[in-house]
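Q: from the sequence below, what's the structure:
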Amino acid sequence: MRVFVTGGTGHSGSYIIPELIAAGHEVTGLVRSDTAAAALSALGAKIRLGDLQDLDGLKEAAADSDGVIHVAHRQDLLPSGGMAAVAAAELPVMLAYGEALAGTGKPLVAAGSIGSPGTGTYLGRPGTEEDPALPVGDEHKGTLRARNVVESAVIGLAEQKVRSSVVRIANIMHSTTDRGFLPMLIALAKEKGFAGYPGAGANRWNAVHARDAASLFRLALEKGPAGSYWHAVEDGGIPFREIAEAIGSRLGLPAVSVPLDELILPAHFGFLTNVVTQSYPTSNLITRRNLGWEPAQARLLADLDNGHYFPAG
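A: Okay, here's the model as predicted:
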């Protein structure tokens, strides 16, 4: 297949492109700079200059391809407008893909969040691939839930005969190039002198290796039915306390409970407070059964032993 990929230089994209090429697909990546172009060329991809604001260019690229994988976001909008601004900028992109791919049955696979259906906190049970993204109201503009409108739009394109699907990515996508929540938690532990966890730390997080997530994006592209959610999750529910204890043991620091207090929690976790206090138990049963996805990389706690998160010295 000729596959158009956005976000190819990001954490997930830099694994997705080699996964696609190894499977025999031809990849064209969207880039804005010479540096990004060189990085994608080194991965074996062709280059298309442009950005997410050029909707006509995105429609042209999508129409010229046999399928699209979209993992790019306007991260530059986060400081001023938060996730609501990121979602507002991304929604027209998805609708542009829809215009280009309508009636073709071609695949569009977009990155989503494992928390979008409200696993644990709202459902009171592990979330499944059959759970839709929660609706979004004005009260959610400052939260991760604001992006659910994008996921819902992608799934809705199935009605226009686009083979659209969303890969919900785990809280922690670990690898040697991880720049997400785990490095933030490690840095916080170093700063505070202990690895903190909220209350009893019984709230459950999930994780997946970036290489395994990349293989799921490929499988969704190749054979995922229209209108599907997929769960890029291997560890479906690790108590947060165990993650804190693993970080602490490797830093030689204690793991300490941070009281569930409206003043103490934000003082310790800062902008991560609303995320680290939630529980995200998640099932991957449908993903594994329907797509044949079999995670093969080290699981989270084992990967913490590989050294790249805690370099010597």
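Q: let me see the backbone angles for the closest residue to residue 248 other than its chain neighbours.
A: Among residues not flanking residue 248 along the chain, residue 195 sits closest, at 3.6 Å (Cβ to Cβ, 6 or more residues apart in numbering). Bear in mind the C-beta positions are built from the backbone N, C-alpha and C, glycine included. With angles defined as degrees, to the nearest 10, residue 195 sits at phi -90, psi 110.
Q: how much space between residue 195 and residue 39?
A: Using Cβ to Cβ, to the nearest Å, one gets 33 Å for the distance from residue 195 to residue 39.
Q: shaky segments in the stretch 201-313 of the chain?
A: Within the stretch 201-313 of the chain, the segments meeting pLDDT under 70 span 313.
Q: stretch 40-49: end-to-end distance?
A: 12 Å (Cα to Cα, to the nearest Å).
Q: now do the buried residues in it.
A: 40, 43, 45, 47, 48 (16 or more other Cβ atoms under 10 Å).
Q: show me the shaky parts of the stretch 1-150 of the chain.
A: Under the criterion pLDDT under 70, the flagged ranges of the stretch 1-150 of the chain are 120.
Q: so where do the helices sit in it?
A: 13-22, 34-43, 55-63, 78-101, 148-156 (DSSP state H, counting those that start in this stretch).
Q: tell me which residues touch residue 290, please.
A: Neighbouring residues of residue 290 by Cβ atoms under 8 Å, 6 or more residues apart in numbering: 225, 228.
Q: roughly how far does it sit from residue 224?
A: From residue 290 to residue 224 the distance is 8 Å (Cβ to Cβ).
Q: for the residue positioned nearest the centre of the chain, name its beta-bridge partners.
A: In the chain, the C-alpha nearest the mean C-alpha coordinate belongs to residue 169, at 3.8 Å (Cα atoms, centre = their mean). Counting by DSSP bridges, residue 169 forms beta bridges with residue 113, residue 232.
Q: more neighbours: residue 195 and residue 39, which one.
A: The neighbour count for residue 195 versus residue 39, taken as other Cβ atoms under 10 Å, is higher for residue 195 (24 against 18).
Q: can you tell me how far that one is from residue 252?
A: According to Cβ to Cβ, residue 195 stands 10 Å off from residue 252.
Q: try residue 296
A: Using Cβ to Cβ, one obtains 31 Å as the distance from residue 296 to residue 252.
Q: which one of the two is surrounded by more residues?
A: residue 296 (10 against 7).
Q: pretty sure that one is touching residue 213, no?
A: No - the criterion here is Cβ atoms under 8 Å, and residue 296 misses it with residue 213 at 11.8 Å.
Q: hang on, the earlier thing: residue 241 is nearest to which of the helices of the stretch 1-150 of the chain?
A: Judged by Cβ to Cβ, the one of the helices of the stretch 1-150 of the chain that comes nearest to residue 241 is helix 78-101, at 27.1 Å.
Q: what packs against that closest one?
A: helix 55-63, strand 67-70, strand 107-113, helix 148-156 (3 or more Cβ pairs under 8 Å, 6 or more residues apart in numbering; DSSP states H and E).
Q: out of these, which gets nearest to residue 26?
A: If we rank the helices and strands packed on helix 78-101 by Cβ to Cβ, the stretch that ends up nearest is strand 67-70, at 10.8 Å.
Q: helices and strands around that closest one, which ones?
A: Going by 3+ Cβ pairs under 8 Å, 6+ apart, strand 67-70 lies up against strand 2-6, helix 78-101, strand 107-113, helix 210-223.
Q: strands of the stretch 151-300 of the chain, start to end?
A: 163-169, 172-174, 195-198, 204-209, 228-232, 235-239, 255-258 (DSSP state E, counting those that start in this stretch).
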